[in-house]
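Asker: build me a model:
(one chain, ligands or ions: 2)
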Amino acid sequence: MSRTQPQPEAAPALPPPGEALRPEGRWLAEVEASSGVKAGACYGCKKCSNGCPLTFAMDLHPYQAVRLLQLGQMERLESSATVWICASCQTCLTRCPNQVDLPRLMDWLKERLHGRGEEVGEKDIRLFHELFLKGVAKRGRVFEGELMGSYMLRTGGAFGPEAMANARLGLTMLRKGRLKLLPARTRESRWRRALFKKRRGGSHA
Ligand code: SF4
Ligand code: SF4
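Answerer: Ligands and ions are numbered 1, 2, ... in the order given. Presented below is the predicted three-dimensional model:
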C-alpha cells in the first residue's frame, strides 16, 4: 500500500525579473561576524524549509531568508514577518547539512530590530518577545502566569469574548500542572545580570 508523503508549503513568490535583486556584498561577512551564523555555507538544499513547522505563516521560507542574506538584502530580510514568526524550535538547524544556525540568525535579527526601536509588522509577537525576555531578566525563568496576563492585558485578550476562553484554558493548565501559581527563580543571578547588561549595551554575541 503506498503512503502519501506530506507536501511542503509552496515557497512564497520571488520578485519578477524586472525587479531583480542587486547583490550587496558586504552584509554577509558583517552579519556572520556579529551573529556567529555561518550563512555563507548554505547551498540552498531547502531541508530547513521542508522541516519547518511554521512556513505556512511565513512570508519568506527559511532557506530564502539565508539566500537574501547571502545577497545582502538586509532591508527585505528585516522587514520580513518570518523573523518574528520563527519559534526557535531548532528543527531547521537539526536538519541542515551545513549547521547553518537559522534560529540564531532570527534571534540576532530580532535583537537588531529591537535595538533600533523601529516599528515592526508583527507587533504582538514582538511584544510577546519583549515580555518573555523581561521575565527572564527578572528571575532567570519565565513565570507563564505573569507573561500571559501581561500579554493579554496589552493585546485585549483579557477582555471581551476571548477572556472566558483564556480563563478556562488557564484553569485547565493549572489543573494539569502546566502552569504554576507562584514564580520560580534561578539561584545563580550573576550570569543573568551579565547577559542582560550585554544586551542593553547592544551586543549580540
Ligand atoms: S538546510 Fe542548511 S544548507 Fe540547506 S537550504 Fe537550509 S540553511 Fe541552506
Ligand atoms: S527554528 Fe524557526 S525557521 Fe527553524 S524550523 Fe523552527 S520555526 Fe522554522
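
Asker: ok, and the closest non-adjacent residue to the residue nearest the centre of the chain?
Answerer: Residue closest to the average C-alpha location in the chain (Cα atoms, centre = their mean): residue 86, at 3.8 Å. Leaving aside its sequence neighbours, residue 86 sits nearest to residue 106 (Cβ to Cβ, 6 or more residues apart in numbering; 4.2 Å). Yep, even glycine has a C-beta here, placed from its N, CA and C like the rest.

Asker: list the contacts of the residue nearest to the centre of the chain.
Answerer: 54, 58, 62, 102, 103, 106 (Cβ atoms under 8 Å, 6 or more residues apart in numbering).

Asker: let's see the pLDDT reported for it.
Answerer: With respect to pLDDT, residue 86 scores 96.

Asker: what's the separation between it and residue 101?
Answerer: Using Cβ to Cβ, to the nearest Å, residue 86 is found at 12 Å from residue 101.

Asker: list the residues that contact both of the two?
Answerer: Common contacts of residue 86 and residue 101 (Cβ under 8 Å, 6+ apart): none found.

Asker: got the phi/psi numbers for residue 54?
Answerer: phi -120, psi 10 (degrees, to the nearest 10).

Asker: now it, nearest residue through space, not along the chain?
Answerer: residue 85 (5.4 Å).

Asker: for residue 96, same thing?
Answerer: By the measure of Cβ to Cβ, 6+ apart, the closest residue to residue 96 outside its immediate chain neighbours is residue 48, 5.5 Å from it.

Asker: same check, this time on residue 35
Answerer: residue 108 (3.9 Å).

Asker: same for the helix or strand hosting the one you found, what does it pack against?
Answerer: Element membership for residue 108 (DSSP states H and E) is helix 102-116. The contact analysis (3 or more Cβ pairs under 8 Å, 6 or more residues apart in numbering; DSSP states H and E) places helix 102-116 against helix 26-35, helix 62-70, helix 74-78, helix 82-85, helix 91-95, helix 123-139.

Asker: close to ligand 2, is that helix?
Answerer: Yes: using Cβ under 6 Å from any ligand atom, helix 102-116 reaches ligand 2 at 102, 103, 106.

Asker: next one: that helix to chain centre, how far?
Answerer: Offset of helix 102-116 from its chain centre (Cα atoms, centre = their mean, to the nearest Å): 8 Å.

Asker: angle of it against helix 62-70?
Answerer: 60 degrees (axes from the mean of the first three to the mean of the last three Cα atoms, to 10 degrees).
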